[in-house]
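Q: kindly generate the corresponding structure for this input.
(chains A and B)
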Amino acid sequence: MKKEIAITAFQCKKCGRIHYPYHDRCLDCKSREFEQIKPRGNARLLTYTVIYNLPWGFDQRFLIIGIAEFENKVKAMGQIKADSIDRLKLGMKVHPSWEPVRVQFGEDVYGLKFEPID
Amino acid sequence: MRDVAIIGAGMIPFGRRDEDSLMDMLAYASLKALDDSGLGDKSVNAVYVGNMGAGIIQHQTSIASSLVDRLSLLPAAADVVENGPASGGSAVKNGLLAVASGYYDFVLVVGGEKMREVTGWRATDFVATMTHPQAEYPYGITLPGMGGMFTRLYMEKYGVTREHLLAVSLKNQEMGALNPYAHVEMTLDREGIFDSPDAIVNNPTAADPLHLYDLCPVSDGAAALVLCPLEMAKKLAKSPVLIAGFGQATDTHTLQEREDPTDLKAVTLAARQAFEMAKLKPGDIDVAELHDAFTILEIAESEHVGFFKKGEGGKAAAAGKTRFGGQIPINVSGGLKARGHPVGATGVAQIVDIVFQLRHELPKNRQVKNARHGLTVNFGGFGNNVTSFVLKRVEP
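A: Numbers count the residues shown, from 1 in each chain, chains lettered A, B, ... in the order given. Got it, this is the predicted structure:
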């Protein structure tokens, strides 16, 4: 079953700046009041890389990782579901999902994955 | 505030030092700096140890207490300073402020890291622990991965090319080959890593668009300095070096929250503060050690500190302007790229290298002629905590 994207972003009630991850005070106006918002819709790929020297905990040959901006301006990092970076382009549309991104202490850790939309 | 000078500088060769423990390396570098300082058996008031990972890699904490005991510097005050890959720069900052304030007269600052004790898999994970624990780390992002994402944006915005990155790599390896303290003492062959069909094997993609030879090695090493008030330094040391300027600034933890992720604000601010304190301009600098953990960082930092306009750093590197003998020699030591990057040691080692330059004691093939002013940039996290120093030769 498709899981809900378990990320909460925080929009400053005073100046409107969107934060993810959490900050105790707004990075622009220092206000402490935020409205919790969920990332909405598809996203746009802002940058990406493929890494071959993986950290401990990843038993695979490479990882493609990027940062994307959702339709409501929330920006977040995630793994990219692609066999190679050949068809990736800056600014391309990606579809988000919430899936296992690694295993820690024998348990799946869930996070964002982005699938390129042709 | 008192003017503060460096009266002792020392480092040990960086590389894979299987025979030495972290404490051995810290002690060897400290003794070299203490011997160089002319303090003799006199003690120091305080010791600051720059280190990022002893608690994780060596499973050892409170290493500053161990070091003063081992060096018979008791009862000197002793603290560990941890600021990721800028731990060394932050340790020097603590020493500088302690002496400048008048609280201590003699301070030993040492930075060290032993990273080759664990597998590359573990070392990569250790360095990645500085990424955001929820928003970045779980995805398997590494620091080279951050560098790759940054490079892609920098290439897109400013037209930096792989040819520009290559110029930095070749230059720093060439200089590292002349440096007896460097981890990688070998020059690179352009054809072998760039032009020939074998280049894809010799220089594979590490974190696209960065390739293997765009990255610094994982190193063991240590470097140390002895600081004291300038007025005392003039009596004690043959050629003290003045810490003329210092700056430090921070930026958002995650790259995604920066309005323009290609803008390394903390580098700009830290260098600007250092220049203002020193009453100098980028054009006054004769030699610089910039934090080239990835080749793109040397290019970006050379622009952000003010040596070149934004978008001109890559072209300047390719045109030889940053070479030894060029307009502004950058990383004559070989930089992190060749000298190596034992994370806690780097910020101290950069200053040690500039001290050697300003004392005019290097061999001709590495000594920048008449060097009077030097700059360092020590880049913590992915630019989220940066220290910068301006150093000035004190004429005898």
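
Q: where do the helices of the stretch 1-150 of chain B begin and end?
A: Under the criterion DSSP state H, counting those that start in this stretch, the stretch 1-150 of chain B carries helices at the ranges B:22-37, B:63-70, B:87-100, B:120-128, B:143-158.

Q: can you check the stretch 151-300 of chain B too?
A: Counting by DSSP H, counting those that start in this stretch, the helices of the stretch 151-300 of chain B are B:162-176, B:190, B:199-202, B:230-236, B:265-278, B:295-304.

Q: quick revisit: what's the least confident stretch among the helices of the stretch 1-150 of chain B?
A: When those are compared on average pLDDT, helix B:120-128 comes out lowest at a mean of 94.

Q: OK, contacts around B:Glu191?
A: B:Ala199 (C-beta atoms under 8 Å, 6 or more residues apart in numbering or on different chains). Every residue, glycine included, has its C-beta placed from N, CA and C.

Q: so how far is A:Leu63 from it?
A: Distance of B:Glu191 to A:Leu63, computed by C-beta to C-beta, to the nearest Å: 31 Å.

Q: with A:Val103 instead?
A: Remark: distance between A:Val103 and A:Leu63 (C-beta to C-beta) = 14 Å.

Q: among these two, which residue is more densely surrounded?
A: The residue with more neighbours, out of A:Val103 and A:Leu63, is A:Leu63; 23 against 12, by other C-beta atoms under 10 Å in any protein chain shown.

Q: show me what that one is bridged to.
A: For A:Leu63, the beta-bridge partners under DSSP bridges are A:Ile51.

Q: residue contacts, B:Asp79?
A: B:Asp79 is in contact with B:Ala46, B:Val47, B:Tyr48, B:Val49, B:Ala64, B:Asn94, counting by C-beta under 8 Å, 6+ apart.

Q: pretty sure B:Ser333 is touching B:Val355, no?
A: No - using C-beta atoms under 8 Å, B:Ser333 is not in contact with B:Val355, being 11.3 Å away.

Q: compare neighbour counts for the two and give me the winner.
A: Set B:Ser333 next to B:Val355 and count neighbours by other C-beta under 10 Å: B:Ser333 wins out with 28 against 24.

Q: is the longest strand along chain A in proximity to chain B?
A: If you go by DSSP state E, chain A has its longest strand at strand A:93-104. Yes - under the criterion of C-beta under 8 Å from any C-beta of the partner chain, chain B is reached by strand A:93-104 at A:Val101, A:Arg102.

Q: now do the buried residues in that strand.
A: A:Lys93, A:Val94, A:Pro96, A:Ser97, A:Trp98, A:Glu99, A:Val101, A:Arg102 (16 or more other C-beta atoms under 10 Å in any protein chain shown).

Q: for stretch A:27-43, same thing?
A: Using 16+ other C-beta under 10 Å as the test for burial, stretch A:27-43 gives A:Phe34, A:Ile37, A:Pro39, A:Ala43.

Q: can that stretch be found next to chain B?
A: Yes - interface with chain B: stretch A:27-43 contributes A:Leu27 (C-beta under 8 Å from any C-beta).

Q: quick one: terminal-to-terminal distance for that stretch?
A: Using C-alpha to C-alpha, to the nearest Å, the end-to-end distance of stretch A:27-43 comes out at 23 Å.

Q: state the mean pLDDT of it.
A: For stretch A:27-43, the per-residue pLDDT averages 97.

Q: and what of stretch B:229-239?
A: Rounded mean pLDDT across stretch B:229-239 is 93.

Q: which ones are touching the residue of chain B found nearest chain A?
A: With C-beta to the nearest C-beta, the shortest gap between chain B and chain A falls at B:Gly148, namely 3.2 Å. Residues near B:Gly148 by C-beta under 8 Å, 6+ apart: A:Thr49, A:Val50, A:Ile51, B:Ala206, B:Ala207, B:Asp208, B:Pro209, B:Leu210.

Q: A:Arg44 now?
A: Here A:Arg44 is in contact with A:Ala68, A:Glu69, A:Gly91, A:Met92, A:Lys93, A:Val94 (criterion: C-beta under 8 Å, 6+ apart).

Q: mind doing that once more with 7 Å?
A: With contact set as C-beta atoms under 7 Å, 6 or more residues apart in numbering or on different chains, A:Arg44 has these partners: A:Ala68, A:Glu69, A:Gly91, A:Lys93.

Q: strands along the chain, start to end?
A: All of this refers to chain A. Taking DSSP E to define them, one finds strands in chain A at A:9-12, A:18-19, A:34-37, A:43-51, A:63-70, A:75-80, A:93-104, A:107-116.

Q: wrong chain, I was asking about chain B
A: B:4-11, B:46-50, B:77-81, B:107-114, B:205-207, B:210-211, B:220-229, B:241-250, B:287-289, B:373-380, B:385-393.

Q: any figure for the gap between the residue in chain A positioned nearest to chain B and A:Leu90?
A: Residue of chain A nearest chain B, by C-beta to the nearest C-beta: A:Thr49 (3.2 Å). Distance, A:Thr49 to A:Leu90, using C-beta to C-beta: 12 Å.

Q: those two: which is more packed in?
A: Taking other C-beta under 10 Å, A:Thr49 and A:Leu90 do not tie; A:Thr49 has more neighbours (29 against 14).

Q: where does chain A dip in pLDDT?
A: Within chain A, the stretches with pLDDT under 70 are A:118.

Q: who in it is up against chain B?
A: For chain A, the residues in contact with chain B (C-beta under 7 Å from any C-beta of the partner chain) are A:19-21, A:27, A:47-58, A:63, A:65, A:67, A:75-79, A:85, A:90, A:101-102, A:109, A:111.

Q: around chain A, which positions in chain B sit nearby?
A: Proximity of chain B to chain A (C-beta under 7 Å from any C-beta) is limited to residues B:120-122, B:124-125, B:128, B:132, B:134-136, B:138-142, B:144-145, B:148-149, B:152-153, B:156, B:205-208, B:252, B:254-257.

Q: of those residues, buried ones?
A: B:122, B:124-125, B:128, B:132, B:135-136, B:138-142, B:144-145, B:148-149, B:152-153, B:205-208, B:252, B:254-257.
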